[in-house]
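Engineer: Sequence and computational prediction follow.
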Amino acid sequence: MPKAVKSPAMNDTATLQNGQDAAPTPLDGAAKRYFVKTYGCQMNVYDSQRMSDALTEDGYSETTDVQDADLILLNTCHIREKAAEKVYSAVGRLRELKADRASAGKETMIAIAGCVAQAEGAEILRRAPAVDLVIGPQTYHRLPDAVRRARAGEKVVETDYAVEDKFDHLPSPKASVTRSRGVTAFLTVQEGCDKFCTFCVVPYTRGSEVSRPVSRIVAEAERLAASGVRELTLLGQNVNAWHGVGEDGREWGLGALLFRLAEIPGIARLRYTTSHPRDMDDALIAAHRDLPALMPYLHLPVQSGSDLILKRMNRRHTAADYLRLVERIRSARPDIAMSGDFIVGFPGETDADFDATMKLIDDVGYAAAYSFKYSPRPGTPGADMDDHVPEAVKDERLQRLQALLSRQQADFVTSLTGRDVDVLIDKPGRQAGQIVGRSPWLQPVIIDEKAAEIGDIVTVRIMRTGYNTLYSTPD
């Protein structure tokens, strides 16, 4: 039979605040409904949750049907190609919905949030008059007020912010809200970026690097644990650059913070993303060695294996630096699986540069990776560089690179066959009699429903594998 570790019981007072039910106050005598669509990274997922909390506290209720929404919120990402154009296309479709609802006497507001909102600002209102509200990632604490102003007829743009305000104003998620999020949760500890890679818009849309104070991180983690969360993923654009004054009065880095969070009753697993190789210090590597709660999976983007391209990207490390770092991490935690990011076709990339990237991938051996063709982002140095690579060449290189990464991922998944793996059960299965959990390396694991309950950590043997799914029956 599988070995199970039971989820701790939820606090009976988790749905109460100040001794009273935490019910929202209706707006204008009737609750309004909002619909949120999230694009892009895990940080955006977290931001959408926090905006949802703010709207819920202000009397809104969430709907999963966009046709039913009084407020439609698009939380956008600027990383992918033609991100802004995709937003305008989506707004064009929503304009028709807004007109249909207006003819039926129903108010509908459209709000654009996220990195496209920060980058485009008032231009969105000029190009898409159907939009009522534009709000950037640093000003979500102003969302309820901005919505009220928009409802009163004002066209609202909220993108200006003070760096020190980043973590000061968003409401803490109520336990009644966090409980519905299940046994895993994101927790932002750091935002912004000071690295200024030449291909990236993040420093311009998310601002400079700011670390959230220890006390607020711990307090939110404790609330999440009280609501039944068992696995936390710490988020930041450069999450391993996080630092702050700890409870002992000393300067902490991410490694020390992870040890502190592991002390919270109920928190059994910890992860973090996304990391930069330059911020992977000795203390964090030691945490991978010494902290059982820290999962053996690390997303450590390198982008290229060519020193020339890395220099043009302003990555400030070489391929050899990265490989030495991977060797140190694997020495500390031999079962760790590596994930990465790769950009092909950066300006000036030759066949030799691309071959160097393929060699680095061969040398590392990745369990998973994200790979993209380079596309210029307006306002970034890369957009103004010479020697842009033809699209056909980018396409061919990307196909070769993805084929290699797919083989490596398949090899890693296959290597888990026959192994005993600890799995956190997080949701029902699609088929009757099954439940689904997540492995230490983030793959979904299909398990017999009799083996455990949601929130349990159960040890099972992997009997077979799919492309990225593990299948088990109890021992």
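Structural biologist: Cool, the structure landed. Note that the structure is predicted; figures quoted are calculated from it, not measured. Numbering: from 1, shown residues only.
Engineer: Go through stretch 300-310 and flag the buried ones.
Structural biologist: By neighbour count with 16 or more other CB atoms under 10 Å, stretch 300-310 contains the buried residues 300, 301, 302, 303, 304, 305, 306, 307, 309, 310. To be clear about C-beta, it is placed using only N, CA and C from the backbone, and glycine gets the same treatment.
Engineer: For the second one, which non-adjacent residue is closest in space?
Structural biologist: Of all residues not flanking residue 301 in the chain, residue 341 sits nearest, at 3.5 Å (CB to CB, 6 or more residues apart in numbering).
Engineer: For the helix or strand where the one you found lies, name the packing helices and strands.
Structural biologist: Using DSSP states H and E, residue 341 falls within strand 337-344. Under the contact definition 3 or more CB pairs under 8 Å, 6 or more residues apart in numbering; DSSP states H and E, strand 337-344 sits against strand 297-299, helix 351-364, strand 368-373, helix 391-415.
Engineer: partners of the shortest one, with directions?
Structural biologist: Right, strand 297-299. Partners of strand 297-299 in the sheet, by DSSP bridges, are strand 337-344 (parallel).
Engineer: quick one: the helices in this protein?
Structural biologist: Shown for the chain, the helices assigned by DSSP state H span residues 42-57, 83-103, 115-120, 122-127, 143-151, 175-178, 202-205, 214-226, 254-262, 282-290, 307-312, 319-332, 351-364, 391-415.
Engineer: in this protein, what secondary structure element scores lowest on mean pLDDT?
Structural biologist: Taking mean pLDDT, DSSP states H and E as the measure, the chain has strand 16-17 as its least confident helix or strand, at a mean of 28.
Engineer: Out of the helices and strands packed on strand 337-344, which one sits most buried?
Structural biologist: Highest mean neighbour count among these (mean count of other CB atoms under 10 Å): strand 297-299, with a mean of 22.
Engineer: Please enumerate residues in contact with that one?
Structural biologist: 271, 273-275, 288, 329, 336-341, 367, 440-442 (CB atoms under 8 Å, 6 or more residues apart in numbering).
Engineer: Of the residues you listed, which pair is most distant in space?
Structural biologist: Using CB to CB, the pair of the contacts of strand 297-299 lying farthest apart is 341 and 440, separated by 20.9 Å.
Engineer: which of the two has more neighbours?
Structural biologist: The neighbour comparison of residue 341 against residue 440 (other CB atoms under 10 Å) goes to residue 440, with 18 against 15.
Engineer: how about the spatially most central residue of the chain, what does it touch?
Structural biologist: Nearest to the mean C-alpha position of the chain, by CA atoms, centre = their mean, lies residue 42 at 1.3 Å. Counting by CB under 8 Å, 6+ apart, residue 42 makes contact with 186, 233, 235, 273.
Engineer: from those residues, which single one is nearest residue 452?
Structural biologist: Proximity of the contacts of residue 42 to residue 452 (CB to CB) peaks at residue 233, which lies at 21.3 Å.
Engineer: How about that closest one: what's its closest non-neighbour residue?
Structural biologist: Nearest to residue 233 is residue 271, by CB to CB, 6+ apart, at 4.3 Å.
Engineer: Low-confidence ranges, the stretch 51-200 of the chain, go.
Structural biologist: Within the stretch 51-200 of the chain, the segments meeting pLDDT under 70 span 79-81, 161-181.
Engineer: And stretch 420-429, what's buried?
Structural biologist: 421, 422, 423, 424, 425, 426.
Engineer: any idea how far residue 269 is from the nearest residue to the last one once chain neighbours are set aside?
Structural biologist: This points to residue 426. Nearest residue to residue 426, sequence neighbours excluded (CB to CB, 6+ apart): residue 183, at 5.1 Å. Distance, residue 183 to residue 269, by CB to CB, to the nearest Å: 9 Å.
Engineer: Mind checking which of the two has more residues around it?
Structural biologist: A count of neighbours by other CB under 10 Å puts residue 183 above the other of residue 183 and residue 269, at 24 against 21.
Engineer: Surely that one touches residue 228?
Structural biologist: Yes - with contact defined as CB atoms under 8 Å, residue 183 counts as touching residue 228 (6.0 Å).
Engineer: leaving aside the residues next to it on the chain, what's closest to residue 267?
Structural biologist: Nearest to residue 267 is residue 225, by CB to CB, 6+ apart, at 5.2 Å.
Engineer: Can you report how many residues neighbour that neighbour?
Structural biologist: 23.
Engineer: hmm, back to that, so the residue nearest to the centre of the chain versus residue 186, what's the distance?
Structural biologist: Taken as CB to CB, the span from residue 42 to residue 186 is 6 Å.
Engineer: what do those two both touch?
Structural biologist: The contact sets of residue 42 and residue 186 overlap at 233, 235 (CB under 8 Å, 6+ apart).
Engineer: pLDDT wise, what is the spatially closest residue to residue 328 that is not a sequence neighbour at?
Structural biologist: Nearest residue to residue 328, sequence neighbours excluded (CB to CB, 6+ apart): residue 285, at 6.0 Å. pLDDT, residue 285: 98.
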